[in-house]
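**Student:** model this:
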Amino acid sequence: MMRVVHFGKFYFPDAGGIESVTVSVARGAASAGHSVSVVCFEKTPAKKKDFIDGVEVIRAPIARQIFSQPLGFKYFFWCLKESWTANIVHLHVPNMLGALCALFIPRKKRLLVHWHSDVINKGFFGKILSPLESALLARADCIVATSQVYADASRALAPYRNKIAVVPIGVPDAKHESGDAPIPPSIEEKIKGKQVILAVGRLVPYKGFGVLIKAVRYLSAEAIVLIVGGGPLQTQLDEALVAAGVSDRVLLLGRVSDAGLHALFDRATLYCLPSIYRAEAFGVVLLEAMAYGLPIVATDIPGSGVPWVNQHGVSGLNVPVANSQALATACNEILASKDLRNKLASGARKRFLSEFTEDASVRRMLHAYDRLVGLE
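**Tutor:** Numbering: from 1, shown residues only. Below is the predicted model of the structure:
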């Protein structure tokens, strides 16, 4: 039995792409009989110490936050304390404070750096982080990338290719686990008889929702777009809808419950990911769409894992970045052809089952753990 300690930013019930991966890997290792703890920050009110699905979760208060990075002395303290009993420290980055903590753990402890994304578009702050990033990668015993495409394109990872292990993200098969939550009548009335294009994510610049809104002018009249998520661009996107004259064809739904989101995936005709740069490193939500057998329209982001996850012509179509007309054309092509929809839907479901299940991802990660501690 191994003892694995995760250094993360947040953990369930706080939601997010990295958070969902942390939950999946931690829960999987605990189910395999290992002792697993997660040190994270307290974002929403929760117990300071808790056990969730066999995982010990230790939450530290946030003293302050800079550029989406939470800070606090108690987090630093708990990371160091827990590391003393660990066989493996599993650090999820970007996480500046977690990276700093990792440099202080005992050298005999194995350090796995889970590289979810490069630090992108942070300007001066990113330059300050560069020396810390280099020191962290030099210290790491193993660096996990979520796709070979992203690893090959990362300048930060280039000097450390001999340490890289590729472990694609996996998610539970939500199609088989979802309940029967109905779509609220207020939404059902607006989408009745329509072909639904679903998009999910935080309302932040790199998600490209402004491009999707511009694309609506070129979409089939039978289509309606549902955007799920909250974030700082809410007001800006509301204004963009009015300016484009498409307020009746796009619903900004804000945050919805897990059950409500499953209902929307079940109702959707296709899934659209319009992200515009490499901060979208993988596109975890694409896996959920694939689990539901939804054809996908995504963007061909250079150096991102997105166009690898969504295999063009197999699970969906990939289009040039920030091109609203190309985005609409691809959506229309799928919406207009039942044969194409069925082909891509079947391909998406098969690709999910072969590459992106939670069991497959956990199995690969446990293999990386075994190699780190010399069991293989």
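**Student:** what about L237, how many neighbours?
**Tutor:** 17 (other Cβ atoms under 10 Å). From N, CA and C alone the C-beta is placed, and that goes for glycine too.
**Student:** ah, wrong one, I meant D50
**Tutor:** With other Cβ under 10 Å as criterion, D50 counts 14.
**Student:** Check what contacts whichever strand or helix holds it and list those residues.
**Tutor:** If you go by DSSP states H and E, D50 is part of strand 49-52. Under the criterion Cβ atoms under 8 Å, 6 or more residues apart in numbering, residues 11-12, 27, 56-59 lie in contact with strand 49-52.
**Student:** Rounded mean pLDDT for that strand, please.
**Tutor:** Taken as a whole, strand 49-52 has a mean pLDDT of 91.
**Student:** mind listing what's buried in that strand?
**Tutor:** Neighbour-count burial for strand 49-52, with 16 or more other Cβ atoms under 10 Å as criterion, is recorded at I52.
**Student:** of the contacts of strand 49-52, the lowest pLDDT goes to which?
**Tutor:** Lowest confidence among the contacts of strand 49-52: F12, with 90.
**Student:** circling back to that earlier point, let me know the closest of the contacts of strand 49-52 to N87.
**Tutor:** The closest of these to N87 turns out to be E56 (Cβ to Cβ; 15.0 Å).
**Student:** Who is the closest one paired with across the strands?
**Tutor:** Beta bridges link E56 to S37, F51, judged by DSSP bridges.
**Student:** do the same with T357
**Tutor:** If you apply DSSP bridges, the partners that T357 bridges to are V171.
**Student:** Surely V55 is in contact with S24?
**Tutor:** No - at 10.8 Å, V55 does not count as touching S24 under the criterion of Cβ atoms under 8 Å.
**Student:** neighbour-wise, which of those two wins?
**Tutor:** Each of V55 and S24 has its neighbours counted (other Cβ under 10 Å); V55 has more, 24 against 20.
**Student:** For the more buried one, give its distance to H6.
**Tutor:** Plainly put, V55 is 9 Å away from H6 if you go by Cβ to Cβ, to the nearest Å.
**Student:** list residues touching both of these two?
**Tutor:** 26, 36-38.
**Student:** Of those, which is the nearest to N323?
**Tutor:** A26 (38.7 Å).
**Student:** so how far is the helix or strand hosting that closest one off the chain centroid?
**Tutor:** Using DSSP H and E, A26 falls within helix 17-31. Here helix 17-31 is found 12 Å from its chain centre; the criterion is Cα atoms, centre = their mean, to the nearest Å.
**Student:** one step back: would you mind putting the shared contacts of V55 and H6 into TSV with distance to I88 alongside?
**Tutor:** Listed next are the shared contacts of V55 and H6 as TSV, based on distance: Cβ to Cβ, whole Å:
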residue	distance to I88
A26	12
V36	10
S37	11
V38	13
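**Student:** Pull the most distant pair out of those.
**Tutor:** Farthest pair in these, by Cβ to Cβ: A26 and S37, 8.4 Å.
**Student:** With neighbour numbers in mind, choose between the two.
**Tutor:** Counted by other Cβ under 10 Å, A26 and S37 do not tie: A26 has more neighbours, with 29 against 21.
**Student:** So the more buried one versus L366, what's the distance?
**Tutor:** A26 is 12 Å from L366, by Cβ to Cβ.
**Student:** now the strands: where do they sit in the stretch 51-200 of the chain?
**Tutor:** 55-60, 64-66, 69-71, 88-93, 110-115, 142-145, 164-166, 195-200 (DSSP state E, counting those that start in this stretch).
**Student:** wait, which of these is closest to W78?
**Tutor:** Closest to W78 of the strands of the stretch 51-200 of the chain, according to Cβ to Cβ: strand 55-60, at 5.2 Å.
**Student:** What is the closest one packed up against?
**Tutor:** Contacts defined by 3 or more Cβ pairs under 8 Å, 6 or more residues apart in numbering; DSSP states H and E place strand 55-60 against helix 17-31, strand 35-41, strand 49-52, helix 73-83.
**Student:** helices and strands around the first one, which ones?
**Tutor:** Here helix 17-31 touches strand 3-7, strand 35-41, strand 55-60, strand 88-93, helix 284-291, helix 358-372, going by 3+ Cβ pairs under 8 Å, 6+ apart.
**Student:** Now do the longest one: distance to the chain's middle.
**Tutor:** Using Cα atoms, centre = their mean, the mean C-alpha position of helix 358-372 is found 18 Å from that of the whole chain.
**Student:** So for it, what gets flagged as buried?
**Tutor:** Here helix 358-372 shows 358, 360-362, 364-366, 368-369, 372 as buried, counting by 16+ other Cβ under 10 Å.
**Student:** quick check, nearest of those to P182?
**Tutor:** Nearest to P182 among the buried residues of helix 358-372 is E358, at 26.5 Å by Cβ to Cβ.
**Student:** Please determine how far that closest one is located from P172.
**Tutor:** Computed as Cβ to Cβ, the E358 to P172 distance reads 5 Å.
**Student:** which residues do these two both contact?
**Tutor:** S24.
**Student:** In the protein, where is pLDDT below threshold?
**Tutor:** Scanning the chain for pLDDT under 70 picks out 45-46, 121-127, 176-181, 375-376.
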